[in-house]
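Asks: One predicted model, sequence on top.
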Amino acid sequence: RLAPDARLNPHRSLLGTGNYDVNVIMAALQSLELAAVWWDKRRSLERLALGQILGFILNVPSQVSLGFVALPLRRKHWLAVRQLRGTYYNLDSKLRAPVPIGGEAELRAFLRDFLSQGLCEVFLVVPRAVEEAGAWLSPE
């Protein structure tokens with residue numbers, strides 16, 4: 001739907017291995033009445049209104065490997081974070097199973113760690129109404 005006239009899909013890797021760009025994620029979320037809000041790294045993570053946020057999507061550098069052999073290449077990788085019964089989980093598809101992060105303080109530390117590594121982007125997944133009201137951000 002995003003590129004109906006294109007021969008090659010400009011929104012995923014040329015090898016066809018996925019690695020979709022953010023436009024695909026945003027379109028998928030919009031179809032569910034959700035939105036992805038880009039997190040400005042210059043803001044303090046303490047300003048996140050976690051009660052208004054359904055989850056997080058991170059785009060992080062990732063080591064490329066062929067089987068057990070790690071190549072000296074890095075490419076971007078998407079991973080998700082979601083809260084269930086008060087515990088946040090890392091839902092990275094490269095993990096064998098979801099990994100518990102912990103509560104709100106541990107989540108902020110987890111996000112801070114990724115953001116400090118540089119080439120990382122964080123998107124907040126929120127209902128459309130929360131996006132429109134800017135309610136994902138606590139007042140200063």
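Replies: Structure received. Numbering: from 1, shown residues only.
Asks: what's the burial count for W39?
Replies: Neighbourhood size, W39 [other C-beta atoms under 10 Å]: 22. Bear in mind the C-beta positions are built from the backbone N, C-alpha and C, glycine included.
Asks: my guess is it contacts F123, does it?
Replies: Yes: taking C-beta atoms under 8 Å as the definition, W39 is a contact partner of F123 at 6.7 Å.
Asks: Roughly how far does the residue positioned nearest the centre of the chain sit from L79?
Replies: Within the chain, the residue whose C-alpha comes closest to the C-alpha centroid is I57; the distance, by C-alpha atoms, centre = their mean, is 1.3 Å. Separation of I57 from L79 (C-beta to C-beta, to the nearest Å): 7 Å.
Asks: what does W38 give?
Replies: Distance, W38 to L79, by C-beta to C-beta: 16 Å.
Asks: where does the chain have low pLDDT?
Replies: Scanning the chain for pLDDT under 70 picks out 1-20, 62-75.
Asks: where along it do the strands fall?
Replies: With DSSP state E as the criterion, the chain has strands at 34-38, 55-66, 69-84, 87-90, 99-102, 121-127.
Asks: Can you say which of these is nearest to V24?
Replies: Closest of these to V24 is strand 69-84, at 9.8 Å (criterion: C-beta to C-beta).
Asks: Burial check on A80, number of neighbours?
Replies: Neighbours of A80 (other C-beta under 10 Å): 17.
Asks: Quickly note the distance from it to A28.
Replies: Counting by C-beta to C-beta, the gap from A80 to A28 is 12 Å.
Asks: so who does Q83 touch?
Replies: Contact analysis of Q83 by C-beta atoms under 8 Å, 6 or more residues apart in numbering lists L50, G55, Y89, L107.
Asks: ok, the last one - contacts?
Replies: The neighbours of L107, taking C-beta under 8 Å, 6+ apart as the test, are L50, V81, Q83, Y88, I101.
Asks: Understood, closing this out.
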